[in-house]
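Participant: any chance you can model this:
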Amino acid sequence: NDEPQTDCLKRSAKTSSSKAKGYPPEILDRVVAELAGKFVKAKYRKPLMAFLVSSIALGLRPSEWSTTTLGHDQTSGAKCVIIKNAKTTNGRGTGEDRVVVYDHMPERIQQFIEWMVDYARSCEDWDQDQKRIADLHYRIQKHISPNGRRRYSLYSCRHQCSANMKQNYNLE
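Facilitator: Below you'll find the predicted structure:
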């Protein structure tokens, strides 16, 4: 279609362009330091910390945590998470479930993953808890960088996992 775009909105107020598409280690370190300091008594301190570490390690979408289970890989017997894909409609995604082996990761990360799976599955209302975790995350970022324009969302962890994989593995 060769229609001119002169009447199109150049920039929307409803944009995610200010959200980061990754979660650099130095930012994670600053957030964790804040959680251990000023925000040590925050109710969602441990869920936020576990969420960030586990999501960067596994690449789950925030909404997928409540339907994720722990298991063992059928071939190797290795510890894994079984994730109900959130995007399986209209031919998207790679199937209803995906399996991610994690027992090769450091023990502390494995502990965070197992704690996070148990926590998310035990929530009465994961959407509400996820929102509260995100709110704490936002408050910490405002505290760290009051005038900062770029913000890291919970979904930024998924982007960082993808970037880590691209950096460390070949396409296959």
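Participant: any idea of the pLDDT on R151?
Facilitator: Predicted confidence (pLDDT) at R151: the value is 80.
Participant: same check on the one 3 residues further on?
Facilitator: Note for L154: predicted pLDDT of 95.
Participant: next: D2.
Facilitator: Reading off the model, D2 has pLDDT 49.
Participant: C123 too?
Facilitator: pLDDT, read off for C123, is 96.
Participant: next: K87.
Facilitator: At K87, the model reports a pLDDT of 81.
Participant: what does S16 give?
Facilitator: In this prediction, S16 has a pLDDT value of 52.
Participant: which strands and helices lie in contact with the longest helix seen in the chain?
Facilitator: Across the chain, the helix with the greatest residue count (assigned by DSSP state H) is helix 126-144. Contacts defined by 3 or more Cβ pairs under 8 Å, 6 or more residues apart in numbering; DSSP states H and E place helix 126-144 against helix 25-36, helix 45-58. Placement of C-beta: from N, CA and C, glycine included.
Participant: among those, which is the most enclosed?
Facilitator: Mean neighbour counts were taken over the helices and strands packed on helix 126-144 using mean count of other Cβ atoms under 10 Å, and the top value, a mean of 22, falls to helix 45-58.
Participant: perfect, I'm done here.
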